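> Sharing a sequence plus its predicted fold:
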Protein chains: 2
Amino acid sequence: MQNFNYMTPTRLIFGKGVVEKLPKVMEQFGKRILLTYGGGSIKKIGLYQKVMELLKGYEIVELGGIQPNPKYDPSVLDGVRLCKEHNVDVILSVGGGSVLDCSKAIAAGACYDGDPWDLITYKVKAKAALPIVDIITLAATGSEYDAGGVISRTETNDKIGYIDSLLYPRVSFLDPTYTFTVSRKQTAAGIADAMNHTIEQYFAADTTLLNDGFCESMLRSLMVNGRKCLENPEDYTARAEMMLCCTYGCNGILSLGNSPSGWPCHGIEHALSAYYDITHGEGLAIITPRWMRHILNEKTIDRFVKYGVNVFGIDSTLPKQEIAERAINETYRFFESINIPMHLREVGIDDSRLDEMAHHIAVNEGLENAYAPLTEQDIKEILVASL
Amino acid sequence: MQNFNYMTPTRLIFGKGVVEKLPKVMEQFGKRILLTYGGGSIKKIGLYQKVMELLKGYEIVELGGIQPNPKYDPSVLDGVRLCKEHNVDVILSVGGGSVLDCSKAIAAGACYDGDPWDLITYKVKAKAALPIVDIITLAATGSEYDAGGVISRTETNDKIGYIDSLLYPRVSFLDPTYTFTVSRKQTAAGIADAMNHTIEQYFAADTTLLNDGFCESMLRSLMVNGRKCLENPEDYTARAEMMLCCTYGCNGILSLGNSPSGWPCHGIEHALSAYYDITHGEGLAIITPRWMRHILNEKTIDRFVKYGVNVFGIDSTLPKQEIAERAINETYRFFESINIPMHLREVGIDDSRLDEMAHHIAVNEGLENAYAPLTEQDIKEILVASL
């Protein structure tokens, strides 16, 4: 077991109707709020109107239109400018993980005099950040319970994970009813996203019985409850459990004391969505089983066996190789069964830039240090297998 | 799934050698420290000397001799007096859960002008508390990662759980090597304590697949690693995983969104150790299987079946009643196998005060609202079965 240093100082306020507590929560942070949101779904479900009503008396500056795979330019830059112009005290992010990720970069940028890109690329360490409160409306990224965000810069095909302990949301409101209207496509992508977060941490050289069990429970719950959410989008219990599962995805609690895994599927997927702006969870679902097949060998087989037996209930008396292969096939089939497009071509990616992407990933993602080390050639082969 | 509000703002610094970071951590809280500890085992293992060396330059006031089932009088009262006399800035608790529990009551009492018992009994809500840092030397209570403590008052046979969000340790240092010298008796009691914390949360009316899986993983890990710790007290990996497991026991993360369970075994055990000052974990181990047998019925059987299949690997095709009974027997046998005395008589409790204790528990612990409601008569029967 490895040494670790862990704290998640975010307060989770979870359940139906909890947003009523928003005014009480916001008053501790000040009067001037930057309200961030995405394409307008929060208006369709009445949440925008609800928030405005609850926050009467506050000075609210709005930044809407934040896109999936949130963009440095214009969203982060606009947000930072608005915070500075209006002396904003606190950011209220209302939406999914992209809105919150963008809000985190804004929170740091607003307290920095230079180009916010310096912070995101760690050229400069942030000294302060505005407090962030969020109302999360999509079960997927876990951004509501971690200190990270992923920001894309289109002109350079960069998609960078930016993590700083200053960026934990102070309070996250999680009301599962706000996810009732999430589309089938986005619900499925959210399931895949959270499953991959778990898989990335599960496949490590040094793990514990405890963490393995946590991860296996997450995966089983995500599959069972994810299916229920797709069958009946207003199944409160299923939406709620899926929302709770997603929350644990990225703050490290699933792998305390584990050796680092390198998050290889994320490393590869970030290039896909940076180059082609695809849905992150779909990219992960496409890559994951191909990555699994690529790294299955004598050294890794025991992990696959444990995964297959404990997550999919595969008969533990079968030969190891058979269990491992079945486990990978089950992973693929699950994603397929929830209607995720399982080939890069289906999401608009052909073979024209695979070499370029493989090179970009190899140079920028450090996957030669992953649980199963990946060279540029390995990455290329995984991408080709994913076509 | 129930609504919840959750935050654990404690930083865990975990692993071999982490105590070297103590000076850096302490400097943020001030120069005057109340150092609390127990019977002197920290001197035997050199930890006391190490701490003193690391904290040269600090003004250190000592409160040693804190007993298991820590006492209001003298320990809490002495600690509060010392904090006030010396204007203490921060409490450093070095020892097991009892020392830390006591330190929590002192932390609140030091910031209150009246009798600290007012706070512990919730007659008055604490407005402030001194910050607490701990170095935990026993894997058991989870006090290092929760906001509660249990304080005993001998003259009234009270043993009260005192919980306040002001009492989360700011930083908990967990170095598994400090548990190498914990006796077999205390190691076994720690295993039983943490297992019971998990069982208390698992047996609830409304749970989730996710939480059930977390709890089942905890129990499996505690049994496997607990045995290893007993076989080889210096097995770092086993001691470390057991330490991590124990940490999750009482801060609620195993049951977020579950319906309340009422913690019935704790309700009963608190009276046993208040009246007879027995080892808490041993009391819990004795009560748990008898409580299980007492509450097994048509309403609860499915929980027992899940517990039996997923924790002990009992064949799921057997009749439900058989699985449930086997699960209870396995629980009993596990505790017996780690040499816990499994009868009240073996820990010095005869039948002379059972009526009195049952009445005390029924009046003070609210077990009529537990997962399986318990009347005074039920409590009496569980105690009799435990003799």
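Sure, I can see it.
> give the contact list for A:G190.
The contact partners of A:G190, by C-beta atoms under 8 Å, 6 or more residues apart in numbering or on different chains, come to A:L138, A:A139, A:A140, A:V182, A:G226, A:M242, A:C246, A:G281. From N, CA and C alone the C-beta is placed, and that goes for glycine too.
> near chain B, from those?
Among these, not one lies near chain B by C-beta under 8 Å from any C-beta of the partner chain.
> Closest to chain B out of these?
A:M242 (9.4 Å; C-beta to the nearest C-beta).
> In contact with that closest one, which residues?
A:A139, A:P176, A:T179, A:G190, A:I191, A:A194, A:S221, A:L222, A:N225, A:G226, A:C229.
> sorry, back to before: now, the contacts of A:G190 that are in helices?
Judged by DSSP state H, helices contain the following of the contacts of A:G190: A:G226, A:M242, A:C246, A:G281.
> For the stretch 201-350 of chain A, what lies in contact range of chain B?
Counting by C-beta under 8 Å from any C-beta, the residues of the stretch 201-350 of chain A near chain B are A:208-210, A:212-214, A:216-218, A:220-221, A:224-225, A:236-237, A:240-241, A:244-245, A:256-257.
> Remind me which helix or strand the spatially closest residue to A:A126 that is not a sequence neighbour belongs to.
The spatial neighbour of A:A126 that comes closest, neighbours along the chain excluded (C-beta to C-beta, 6 or more residues apart in numbering or on different chains), is A:A108 at 4.3 Å. A:A108 is part of helix A:97-109 when elements are defined by DSSP states H and E.
> what do you get for A:A327?
helix A:320-337.
> Would you mark the buried spots in that helix?
A:I323, A:A324, A:E325, A:R326, A:A327, A:I328, A:E330, A:T331, A:Y332, A:F334, A:F335 (16 or more other C-beta atoms under 10 Å in any protein chain shown).
> What is that helix packed up against?
helix A:280-295, helix A:301-312 (3 or more C-beta pairs under 8 Å, 6 or more residues apart in numbering or on different chains; DSSP states H and E).
> how about the ones you listed in JSON lines, adding mean pLDDT and mean neighbour count?
As requested, the helices and strands packed on helix A:320-337 are exported to JSON lines (pLDDT from 0 to 100; neighbours: other C-beta atoms under 10 Å in any protein chain shown):
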{"stretch": "helix A:280-295", "mean pLDDT": "98", "mean neighbour count": "25"}
{"stretch": "helix A:301-312", "mean pLDDT": "98", "mean neighbour count": "20"}
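> May I ask which of the contacts of A:M242 has the most neighbours?
Of all the contacts of A:M242, A:A139 has the most neighbours under the rule other C-beta atoms under 10 Å in any protein chain shown, reaching 34 neighbours.
> hang on, it packs against A:M195?
No. Using C-beta atoms under 8 Å, A:A139 is not in contact with A:M195; the gap is 11.8 Å.
> returning to what we had before: would you list the contacts of A:M242 in CSV and tack on distance to A:I379 and pLDDT?
What follows is the contacts of A:M242, written out as CSV (distance: C-beta to C-beta, whole Å; pLDDT from 0 to 100):
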residue, distance to A:I379, pLDDT
A:A139, 29, 94
A:P176, 37, 98
A:T179, 34, 97
A:G190, 25, 98
A:I191, 25, 98
A:A194, 24, 98
A:S221, 31, 98
A:L222, 26, 98
A:N225, 33, 98
A:G226, 28, 98
A:C229, 33, 98
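> Which members of those are the farthest-apart pair?
A:T179 and A:S221 (15.5 Å; C-beta to C-beta).
> Show me the contact partners of the worst-scoring helix or strand of chain A on mean pLDDT.
Least confident helix or strand, chain A: strand A:158-163 with a mean of 92, by mean pLDDT, DSSP states H and E. Strand A:158-163 is contacted by residues A:69, A:104-105, A:108, A:119-122, A:146-153, A:266, A:270-271, A:273-274, A:364 when judged by C-beta under 8 Å, 6+ apart.
> Please narrow the residues you listed to those residing in helices.
Filtering the contacts of strand A:158-163 for helices - DSSP H - leaves A:K104, A:A105, A:A108, A:L119, A:I120, A:H266, A:H270, A:A271, A:S273, A:A274, A:N364.
> so A:H197, which of the three states?
Following DSSP: H, G, I helix; E, B strand; the rest coil, the label given to A:H197 is helix.
> residues contacting it?
So A:H197 contacts A:G142, A:G249, A:C250, A:L254 (C-beta under 8 Å, 6+ apart).
> quick revisit: parallel or antiparallel, list what pairs with the least confident helix or strand of chain A.
strand A:148-153 (antiparallel) (DSSP bridges).
> what angle separates the partner strand from helix A:280-295?
Interaxial angle of strand A:148-153 relative to helix A:280-295 (axes from the mean of the first three to the mean of the last three C-alpha atoms, to 10 degrees): 100 degrees.
> Buried residues, stretch A:4-24. List them.
By neighbour count on 16+ other C-beta under 10 Å, the buried set for stretch A:4-24 is A:F4, A:M7, A:T8, A:T10, A:R11, A:L12, A:I13, A:F14, A:G15, A:V18, A:V19, A:L22.
> Sorry, wrong one. I was asking about stretch A:82-97.
A:L82, A:C83, A:V88, A:D89, A:V90, A:I91, A:L92, A:S93, A:V94, A:G95, A:G96, A:G97.
> Just the helices from the stretch 1-150 of chain A, written as ranges.
A:22-26, A:41-44, A:47-54, A:77-85, A:97-109, A:117-120 (DSSP state H, counting those that start in this stretch).
> Give me whichever of the ones you listed is most buried.
helix A:97-109 (a mean of 29; mean count of other C-beta atoms under 10 Å in any protein chain shown).
> Look at A:D350 and say how many residues are nearby.
10.
> shaky segments in the stretch 101-250 of chain A?
Along the stretch 101-250 of chain A, no part satisfies pLDDT under 70.
> got the residue ranges for the strands in it?
Taking DSSP state E, counting those that start in this stretch as the criterion, the stretch 101-250 of chain A carries its strands at A:132-136, A:148-153, A:158-163, A:171-174.
> how about the residues of the stretch 51-200 of chain A near chain B?
So the stretch 51-200 of chain A meets chain B at A:P176 (C-beta under 8 Å from any C-beta).
> Now the buried residues of helix A:320-337 in JSON lines, please, with extra columns for pLDDT and distance to A:E376.
Listed next are the buried residues of helix A:320-337 as JSON lines, based on pLDDT from 0 to 100; distance: C-beta to C-beta, whole Å:
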{"residue": "A:I323", "pLDDT": "98", "distance to A:E376": "31"}
{"residue": "A:A324", "pLDDT": "98", "distance to A:E376": "25"}
{"residue": "A:E325", "pLDDT": "98", "distance to A:E376": "26"}
{"residue": "A:R326", "pLDDT": "98", "distance to A:E376": "30"}
{"residue": "A:A327", "pLDDT": "98", "distance to A:E376": "27"}
{"residue": "A:I328", "pLDDT": "98", "distance to A:E376": "23"}
{"residue": "A:E330", "pLDDT": "98", "distance to A:E376": "30"}
{"residue": "A:T331", "pLDDT": "98", "distance to A:E376": "25"}
{"residue": "A:Y332", "pLDDT": "98", "distance to A:E376": "25"}
{"residue": "A:F334", "pLDDT": "98", "distance to A:E376": "30"}
{"residue": "A:F335", "pLDDT": "98", "distance to A:E376": "26"}
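> Out of these, which is nearest to chain B?
A:F334 (15.7 Å).
> ok, the nearest residue to A:G64 once chain neighbours are set aside - how many residues close by?
Among residues not flanking A:G64 along the chain, A:Y37 sits closest, at 5.1 Å (C-beta to C-beta, 6+ apart). Close neighbours of A:Y37, defined as other C-beta under 10 Å, add up to 25.
> I am finished for the moment; much appreciated.
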